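Chemist: The following block contains a protein sequence and its predicted model.
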Amino acid sequence: MSKNYRETAIQILEHIGGKDNIDQAAHCITRLRIALKDESKVNMDQLSAVPLVKGAFTTAGVFQVVIGPVDVERVYAELVELTHITKSTIADVKTSGSQKLNPLQKLVKIFSDVFMPILPAIITAGLLMGLNNLIGAKDLFFEGKTLLEVYPDLDGLWGIINMMANTSFVFLPALVGWSATKRFGGSEILGIVLGLLLVHPDLMNAWNYGQAATGIDGQTLPHFNILGWFEIEKVGYQGQILPVLAAAFVLSKIELFLRKRVHSSIQLLVVPITSIVVTGFLALGIIGPVTRMIGNSITDGIVFIFDVAPFLGAVIFGALYAPLVITGMHHMFIAIDLQLISQTGGTFIWPMIALSNIAQGSAALAMFWVAKNQNDKSMASTSALSAYFGITEPAMFGVNLRNKFPFYAAIVGSAIAAIFITMMGVLAAGVGVGGLPGFISIIPKFIPMFLIGMVIAIIVPFGLTFLFSKSKKLGNR
């Protein structure tokens, strides 16, 4: 069936109060993000009845209309053409609604604004790391041997994939520096320079820091001696998030401060060099060591909780991740995943996220078999497929939350699957596609256990949704 994007945009516009009620509008992978002047003008019932609309809600001060991947871009283009509004970024729209946020929501918004633009690079790196691990894994394809040992000609391919996989993580501070300075109003190019400074080859690799700090193998920490007054450790921040995030904030504030006070004739000479030099000293001497300690403490705390009470931790996370997606707070876990990978070599959070997505897709798939209405069946099938490839919003808002019991069934299935893989110690080497292809990013020795977790995340939500539907007599819809 062909899709009339112009008609969809017209209907959405009509049901949200018209073009005069729009302050700013943008879109992400699946949703229209709209800053409304008066949310009371929205007619939710009629908006939800628009064919391509799978749900609508307000979170973090922004009204969001769930449409789905690809379609959302085309509806947004029609919306812009109809209203003649200026195209905005997600950060612009969120800033417009920021006055409605509490401190926690503002913090979550910052993480979302910073990580959403660089997410494709992180996911690509995670998938390549997974593929790299598969090629180099012993006993996965041949007993006692790796693919490289059986097929030596793969060595060159393995080396290139390994290099491409590591690039995003080695230079992660540069990516975060670019995105963060853009978010905080500074110059993105200075953010890139700052990020590259924190991973400069003259600095000790961050992954060797622990050995040098404890004196293992006779290693010692090198230092910069600053005029005999104090010393700064020559340590890099590869794979670290908090140091560059905090440093980018400081850089942006210094740059904005100077721009207002330095005459335009010498701004190009004074502002960039002053901003970089001052922030560079602060980043290497104070911000980096302090935030590294904070990041390590957060990671140690999370690991401690899952070590002491893995069952409880898995139940809580497995059950609450999907509700957190509704609030937008799930974006914070990207930073936690990357910190875990950098500090411990793997993350136990991301595998649970992948299974939660699969569980939502399975519940939606069950609704495809249960529903009699053709439109409901169509939405359920396409939404389930989307969730199985890591995009859950169409399934959650268009199917599961609308019927309630499939959402609860998905939460139960996600929690049970999370318990299983947590008790089995499953870890991911990177952040990949959070759905059925997710096994690629799992450390090879844990793949069999993760696949069992996937089976649980498919069967339990599907079965519970089917049973609940019978008790509610939805089969006659």
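Modeler: Yes, it's here.

Chemist: where exactly do the strands run in the stretch 151-300 of the chain?
Modeler: Ranges of strands within the stretch 151-300 of the chain are 223-226, 230-233, based on DSSP state E, counting those that start in this stretch.

Chemist: Which strands border the last one, and is each parallel or antiparallel?
Modeler: Each strand paired with strand 230-233, and its direction, by DSSP bridges: strand 223-226 (antiparallel).

Chemist: List of residues touching the strand it pairs with?
Modeler: The contact list for strand 223-226 (CB atoms under 8 Å, 6 or more residues apart in numbering) reads 231-234, 284. The C-beta positions use only the backbone N, C-alpha and C, and glycine is treated the same way.

Chemist: Of the strands of the stretch 151-300 of the chain, which is nearest Ala35?
Modeler: When those are compared for distance to Ala35 using CB to CB, the nearest one is strand 230-233, at 43.2 Å.

Chemist: how distant is the closest one from the center of its chain?
Modeler: 35 Å (CA atoms, centre = their mean, to the nearest Å).

Chemist: Quick check: buried residues in that strand?
Modeler: For strand 230-233, a neighbour-count test (16 or more other CB atoms under 10 Å) marks 232-233 as buried.

Chemist: what pLDDT, on average, does that strand get?
Modeler: Strand 230-233 shows an average pLDDT of 86 in the prediction.

Chemist: got it, and stretch 289-305?
Modeler: 86.

Chemist: Likewise for stretch 52-70?
Modeler: For stretch 52-70, mean pLDDT rounds to 81.

Chemist: List the buried residues for it?
Modeler: Buried, per 16+ other CB under 10 Å, within stretch 52-70: 52-56, 59-68.

Chemist: same question, stretch 446-464
Modeler: Buried residues in stretch 446-464, counted by 16+ other CB under 10 Å: 446-447, 449-450, 453-454, 456-458, 460-462, 464.

Chemist: could you dump it to CSV, C-alpha only?
Modeler: Only the C-alpha atoms of stretch 446-464 are listed here, as CSV (Å, rounded to 0.1, in the frame of the first residue of the first chain):
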residue,chain,number,x,y,z
PHE,A,446,29.4,-16.3,25.6
ILE,A,447,27.5,-16.5,22.2
PRO,A,448,25.8,-19.9,23.0
MET,A,449,24.5,-18.5,26.3
PHE,A,450,23.3,-15.3,24.6
LEU,A,451,21.5,-17.3,21.9
ILE,A,452,19.6,-19.2,24.7
GLY,A,453,18.8,-15.8,26.2
MET,A,454,17.4,-14.7,22.7
VAL,A,455,15.2,-17.8,22.6
ILE,A,456,13.8,-16.9,26.0
ALA,A,457,13.2,-13.3,24.9
ILE,A,458,11.3,-14.6,21.9
ILE,A,459,9.2,-17.4,23.4
VAL,A,460,8.2,-15.9,26.8
PRO,A,461,6.8,-12.6,25.5
PHE,A,462,5.1,-14.3,22.5
GLY,A,463,3.5,-16.9,24.7
LEU,A,464,2.4,-14.6,27.4
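
Chemist: And the strands in the stretch 1-150 of the chain, which stretches?
Modeler: 22-27, 31-36, 55-59, 62-66.

Chemist: Taking their axis directions, the first one and strand 31-36 sit at what angle?
Modeler: Between the direction of strand 22-27 and that of strand 31-36, the angle (axes from the mean of the first three to the mean of the last three CA atoms, to 10 degrees) works out to 170 degrees.

Chemist: can you offset everything so residue one is 10?
Modeler: Got it, first residue is 10 now, which makes that one strand 31-36.

Chemist: for strand 31-36, packing partners?
Modeler: strand 40-45, helix 80-92, helix 99-105 (3 or more CB pairs under 8 Å, 6 or more residues apart in numbering; DSSP states H and E).

Chemist: go on, the second one?
Modeler: Secondary-structure packing of strand 40-45 (3+ CB pairs under 8 Å, 6+ apart): strand 31-36, strand 71-75, helix 80-92, helix 99-105.

Chemist: mind listing what the second one pairs with, with the direction of each?
Modeler: Paired strands of strand 71-75, with direction, are strand 40-45 (antiparallel), strand 64-68 (antiparallel) (DSSP bridges).

Chemist: Include distance to Val208 when you put these into TSV, please.
Modeler: Output for the strands paired with strand 71-75, formatted as TSV (distance: least, CB to CB, whole Å):
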stretch	distance to Val208
strand 40-45	32
strand 64-68	34
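
Chemist: Of these, which is nearest Thr92?
Modeler: strand 40-45 (10.5 Å).

Chemist: can you give me the angle that closest one makes with helix 80-92?
Modeler: Using the same axes, to 10 degrees: strand 40-45 against helix 80-92 is 30 degrees.
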